[in-house]
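Asks: let's see this in three dimensions:
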Amino acid sequence: MQRVSSAQVVVMGAVVGEIRLGLLIFLGCQLGDSSAQGQHLAARIAKLRVFEDLDGRTNLDIFAVKGEILLVSQFTLAADLRRGNRPSFTTALAPLEAQVLLSEFSQELSSKGLKVENGVFGAHMEVSSCNMGPATYLLEA
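Replies: Okay, here's the model as predicted:
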């Protein structure tokens, strides 16, 4: 998850998702992940104080800054690079199951009152962003 001043996803030359100030979230689904974990992560993200206040402290949540979310599926987060020269994806969730979890997660974020834009699951995406800070956070359920 990255705190951004802007981010967008392009698929086949067309912008499919774009936000201003907010969070760019890369979601990787692994074996054993569940809807309950997605609900927990969405609740945490809605409350995380990762935006700076007037004193420069990370004291504000996404609602306080009227932020948006760009959600991008990224199965490469499940890569195992401990051995060899080629990533192993044996712990990645099967595509159909991952797509369901991604959709549920997006809906859960939206149900909290957040504006959510999405990439295209399984597509070759070009993701661009302006990371503020830089600030990148790893959030696991």
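Asks: so what's the residue nearest the centre of the chain bridging to?
Replies: The centroid of the chain falls nearest to Ile25 when counting by Cα atoms, centre = their mean (1.6 Å). Beta bridges link Ile25 to Leu71, judged by DSSP bridges.
Asks: wait, it sits on Glu68?
Replies: No: here Ile25 does not reach Glu68: they are 10.9 Å apart, not a contact under Cβ atoms under 8 Å. Where C-beta positions appear, they are placed from N, C-alpha and C, glycine not excepted.
Asks: from Ile62, how far out is the residue of the chain most remote from its centre?
Replies: Most distant residue from the mean C-alpha position of the chain: Gly84, 28.2 Å away (Cα atoms, centre = their mean). To Ile62, Gly84 is 39 Å away according to Cβ to Cβ, to the nearest Å.
Asks: that's a strand at the residue farthest from the centre of the chain, yeah?
Replies: No: per DSSP: H, G, I helix; E, B strand; the rest coil, Gly84 lies outside any strand segment and is coil.
Asks: per-residue confidence for it?
Replies: At Gly84, the model reports a pLDDT of 93.
Asks: how near is the residue nearest to the centre of the chain to Asp53?
Replies: Between Ile25 and Asp53 the computed distance is 22 Å (Cβ to Cβ).
Asks: try Gly17
Replies: Distance from Gly17 to Asp53, by Cβ to Cβ: 28 Å.
Asks: repeat for Ala135
Replies: 14 Å.
Asks: of the two, who's got more company?
Replies: Ala135 (15 against 12; other Cβ atoms under 10 Å).
Asks: report the secondary structure state of that one.
Replies: Applying three-state DSSP: Ala135 is strand.
Asks: find the residue closest to it in space, skipping its chain neighbours.
Replies: Arg3 (4.0 Å; Cβ to Cβ, 6 or more residues apart in numbering).
Asks: pLDDT at the one you found, what is it?
Replies: 98.
Asks: can you count the residues close to it?
Replies: Neighbours of Arg3 (other Cβ under 10 Å): 24.
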